[in-house]
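Asks: build the 3D model from these lines:
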Amino acid sequence: LHIRRINDKEIEMGVHIADVSHFVREGTAIDDEAFHRATTVYLVDRRIEMLPSELSSDLCSLKGHVERFAFSVVWRMTNDGHIISTDYHKSLIKSVGAFTYEQAQNRIDNPEMQDQISKDLRMMLALSKILKQRRIEAGAILLSSNEVKFKLDGIEGDPTDVEMYQLRETNSMIEEFMLLANIEIAKKIHRHYPGFALLRRHPPPLPHALDTLLEIVKKRGFEIDPTNSKTLSLSLDKAEDPNDPFFNKLLRVLTTRCMCQAVYFSSGTQNYEDFNHYGLAAPIYTHFTSPIRRYADLVVHRLLAGCVGGANISMKISSNFVRNVCNHLNIRNRMAARAGRGSTELHTLIYMQNKILEEDAYVIRVRANAFVVLVPRLGIEGNVFVCAPAATGDPIHATFSFDEKDQQLTKIGDKKTKIRIFDKVKVQLSIETQEGGRQRLKTLCLEPYIPEISSTTLGITEKPVDAEVDIGEEKIESTIGLSSIQDVNKPKTKKVDSKDSSKASKRQEQTPNQKAKKKKR
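Replies: Predicted coordinates:
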């Protein structure tokens, strides 16, 4: 990024992205492999690069004080962020510094730092806040997810701690300029290539997708208006519970899960009114800012090079060609997201080995046989089962009745004991080993104390699964870098002897039917 004051009323703001297309030429073996991979896959302990590390970590990394090829978008703006003109060009840049988010934030926050870089960072932050406010006023929705980061042991690589990902003002600052660049590039390539520009759209929620959630929230005294993204955004902002600061974030998490996925598409396959990115409230959008880790961005760079005369556009490109590319990218992105979630689940199990934790949690889903809780501190979810399958004949079956309309469980014979979405509970987390040696997270409800589900492990393997959601929000890796995870206070951990734990688990997992069979034998 760069910023420069032109005069008292105008600012020059620039976004510079590594020119990967200079090194990865179309039709080469490296391009074919990058297309096949489509995206960098982020796992907890590693990442599977889309491009060789010589490119992603060196030649295409905008390091400080080193000359690098780049693609630049430079705006002439008023002080309040209105664009006067936009310039696009290939460039050779030499960054005066590269910082992590934390380092940049420390420079901004420290009043004693009055060097030019710190002043520029403060000016960029102020401008980004103006741009963000304008997006929100236009209807952009600030959604949320329960993303976590693990702290890994330096020797074995096993997780030693886990926490929600910490966001700073500098994260938001970078995101605003990346979003603006993506929007402006989308306009540029669509203007030049209206039949085959590679764009990204986020459809509005399907009809009635939010109905159940809206009814639940209404019973808590909040009205959510889903007429359009702007009314939804405004009503989400007003849904604040003074007695529960986490309520609004949880509401945004659940709203996110009701959304459609954002997808890549060829401009020649959709009407212009369907180009809209619902979550960002942008009439047109694409991905330009991460060509190191996304093949879509590399295609957009090639289109942009054709627009500015930096290179000749491929003769084989057409609406059908771009459509096929987009279909492949959408599939690979979903696969990468699943791999990332699988890695998180695996490392959660590793982290929980020989631990019993007691944590505050919130109910986020209710089923006939279980309810799902989110543990905010750890960012993990667990299933608390309330009954066994009817086929087992287990006497504890049907101790709760399920009201699908109100999305709640009510204890039979005790109507005061209810489990509802948004309820705050206390849970116990541990690991249990099932038949065949498979392990899973075991979640017991401690408060409210319900004997049937607070002290019994049920032999149920069904797991409620949430729909995959990708609303197209940016996960930015830029010249400003990524912040390192900080130490957090360790939770109270109870060490469990593995032998005693195994014996106790086996005794606990026996249902009355199993006990009867054992006695008979």
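
Asks: would you map the helices across the stretch 1-150 of the chain?
Replies: Under the criterion DSSP state H, counting those that start in this stretch, the stretch 1-150 of the chain carries helices at the ranges 29-37, 53-54, 101-109, 116-138.

Asks: so which of those helices gets nearest Phe400?
Replies: helix 116-138 (41.0 Å; Cβ to Cβ). (Glycine included, C-beta is placed from N, CA and C.)

Asks: which neighbouring elements make contact with that closest one?
Replies: Using 3 or more Cβ pairs under 8 Å, 6 or more residues apart in numbering; DSSP states H and E as the contact test, the elements touching helix 116-138 are strand 2-5, strand 10-18, helix 101-109, helix 169-192.

Asks: residue ranges with poor pLDDT in the stretch 401-521 of the chain?
Replies: Applying pLDDT under 70 to the stretch 401-521 of the chain picks out residues 450-521.

Asks: please redo it, this time with the cut-off set to 80
Replies: 449-521 (pLDDT under 80).

Asks: ditto for the stretch 51-200 of the chain
Replies: 143-149, 154-156, 162-166.

Asks: my read: Ile421 touches Leu214, true?
Replies: No. Proximity of Ile421 to Leu214 does not meet the contact threshold set by Cβ atoms under 8 Å, at 11.9 Å.

Asks: look at those two and report which has more neighbours.
Replies: Neighbour comparison, Ile421 and Leu214: the larger count goes to Ile421, with 22 against 18 (by other Cβ atoms under 10 Å).

Asks: residues touching the more buried one, list them.
Replies: By Cβ atoms under 8 Å, 6 or more residues apart in numbering, the contact set of Ile421 is 216, 254, 363-366, 407-408.

Asks: Ala70: which of the helices and strands packed on helix 116-138 is closest?
Replies: With Cβ to Cβ as the criterion, Ala70 lies closest to strand 10-18 of the helices and strands packed on helix 116-138, at 4.4 Å.

Asks: gap between Asp58 and Ile292?
Replies: The gap separating Asp58 from Ile292 is 11 Å, by Cβ to Cβ, to the nearest Å.

Asks: what's the first helix or strand after the longest helix belonging to the chain?
Replies: In the chain, with assignment by DSSP state H, the single longest helix is helix 319-352. Counting by DSSP states H and E, the next helix or strand C-terminal to helix 319-352 is strand 357-366.

Asks: now the angle from the helix or strand just after that following strand to strand 357-366?
Replies: For strand 357-366, the succeeding helix or strand toward the C-terminus, using DSSP H and E, is strand 370-375. If you take axes from the mean of the first three to the mean of the last three Cα atoms, to 10 degrees, strand 370-375 sits at 130 degrees to strand 357-366.

Asks: of the contacts of Ile421, buried ones?
Replies: Neighbour counting by 16 or more other Cβ atoms under 10 Å classes 216, 254, 363-366, 407-408 among those as buried.

Asks: nearest to Leu92 among these?
Replies: Of all the buried ones among the contacts of Ile421, Leu92 sits closest to Leu254, with 47.2 Å by Cβ to Cβ.

Asks: gap between Asp406 and Ile419?
Replies: On the measure of Cβ to Cβ, Asp406 and Ile419 end up 11 Å apart.

Asks: neighbour count for these two, which is higher?
Replies: Neighbours around Asp406 and Ile419, counted as other Cβ under 10 Å, are more numerous at Ile419. The numbers are 24 against 16.

Asks: using CSV, list the CA coordinates for the helix or strand hosting that one.
Replies: Taking DSSP H and E as the definition, Ile419 sits inside strand 414-420. What follows is strand 414-420, C-alpha atoms only, in CSV (Å, rounded to 0.1, in the frame of the first residue of the first chain):
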residue,chain,number,x,y,z
ASP,A,414,-40.6,-30.9,33.6
LYS,A,415,-41.7,-28.1,31.2
LYS,A,416,-39.5,-25.6,33.0
THR,A,417,-36.4,-27.4,31.7
LYS,A,418,-35.9,-26.2,28.1
ILE,A,419,-33.0,-26.1,25.7
ARG,A,420,-33.3,-23.2,23.1
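
Asks: give me the angle between it and strand 357-366.
Replies: Going by the same axes, to 10 degrees, strand 414-420 is angled at 90 degrees with respect to strand 357-366.

Asks: now for strand 414-420, which elements pack on it?
Replies: Using 3+ Cβ pairs under 8 Å, 6+ apart: strand 414-420 touches strand 357-366, strand 408-411.

Asks: would you turn these into JSON lines with distance to Leu250?
Replies: Listed next are the helices and strands packed on strand 414-420 as JSON lines, based on distance: least, Cβ to Cβ, whole Å:
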{"stretch": "strand 357-366", "distance to Leu250": "6"}
{"stretch": "strand 408-411", "distance to Leu250": "16"}
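
Asks: what's the neighbour count on Gln114?
Replies: Neighbour tally, Gln114, other Cβ under 10 Å: 9.

Asks: all helices of the stretch 151-300 of the chain, in order?
Replies: 169-192, 211-219, 229-238, 247-256, 295-308.

Asks: just say which of those is most tucked in.
Replies: Sort the helices of the stretch 151-300 of the chain by mean neighbour count, taking mean count of other Cβ atoms under 10 Å, and helix 295-308 sits at the top with a mean of 23.

Asks: just how off-centre is that helix within its chain?
Replies: Centroid displacement of helix 295-308 relative to its chain, using Cα atoms, centre = their mean, to the nearest Å, is 25 Å.

Asks: what helices or strands is it leaning on?
Replies: Judged by 3+ Cβ pairs under 8 Å, 6+ apart, helix 295-308 is in contact with helix 29-37, strand 67-78, strand 83-94, helix 169-192, strand 198-201, helix 319-352.

Asks: turn those into JSON lines, columns for distance to Arg440.
Replies: JSON lines is the format used below for the helices and strands packed on helix 295-308 (distance: least, Cβ to Cβ, whole Å):
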{"stretch": "helix 29-37", "distance to Arg440": "31"}
{"stretch": "strand 67-78", "distance to Arg440": "46"}
{"stretch": "strand 83-94", "distance to Arg440": "50"}
{"stretch": "helix 169-192", "distance to Arg440": "33"}
{"stretch": "strand 198-201", "distance to Arg440": "36"}
{"stretch": "helix 319-352", "distance to Arg440": "8"}
